[in-house]
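Engineer: Just the structure for this:
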Amino acid sequence: METITKRDLVTKLSNKTGMGQADVLHVLETLLDTMTGELAQGNSVVIRNFGSFQVREMKGKVGRNPKNPSQDMKIPPRAVVKFKPGKEMKERVARILPLIQQG
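Structural biologist: Numbering: from 1, shown residues only. Purely as a prediction, here's the structure:
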């Protein structure tokens, strides 16, 4: 398994679409900025067959101080983004399990 970076995505999309890499980069960055902005406003982003991004609240809790485990510390509530894969993505990703086990 390898890690695909934004640069790798731009190159692959440019090769598949015939668009220049600068144009693909602009579209990709605009997409990501728009999605981030919507999530920052508390909105959900749904891309059919891919998945959905939703803002959820993590409740506050009491945790341990990693530098001093005997000391409790309050962890405040915060907003986090959860991703739920769509049906098509789930099915395609599920097929790689035999590849991972061989690898």
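Engineer: Looking only at residue counts, what's the top helix in this protein?
Structural biologist: helix 21-40 (DSSP state H).
Engineer: Buried residues in that one, which are they?
Structural biologist: Buried residues in helix 21-40, counted by 16 or more other Cβ atoms under 10 Å: 24-25, 39. The way it works is simple: take the backbone N, C-alpha and C, and place the C-beta from them, glycine included.
Engineer: contact partners of it?
Structural biologist: Helix 21-40 is contacted from outside by 6, 9-11, 13-14, 17, 19, 44-45, 53, 55, 81, using Cβ atoms under 8 Å, 6 or more residues apart in numbering.
Engineer: Give me the subset of these lying in helices.
Structural biologist: 6, 9-11, 13-14, 17.
Engineer: now the residues you listed: which count as buried?
Structural biologist: The buried subset of the ones in helices among the contacts of helix 21-40 (16+ other Cβ under 10 Å) comprises 10, 13-14.
Engineer: Met58 and Lys82 touch, don't they?
Structural biologist: No - the pair Met58 and Lys82 does not pass the contact test of Cβ atoms under 8 Å, sitting 9.9 Å apart.
Engineer: tell me the residue furthest from the middle of this structure?
Structural biologist: With Cα atoms, centre = their mean as the measure, the chain has its most outlying C-alpha, relative to the mean C-alpha position, at Ser70: 34.7 Å.
Engineer: Surely that one forms part of a helix?
Structural biologist: No - under DSSP: H, G, I helix; E, B strand; the rest coil, Ser70 falls outside any helix and is assigned strand.
Engineer: Break the protein down into its structural domains.
Structural biologist: Domain assignment of the chain by automatic domain parsing yields the ranges 1-43, 44-103.
Engineer: Now do the same contact list for the spatially most central residue of the chain.
Structural biologist: When Cα atoms, centre = their mean is applied to the chain, the residue found nearest the centroid is Phe83 (6.4 Å). Taking Cβ under 8 Å, 6+ apart, we find Phe83 in contact with 51-53.
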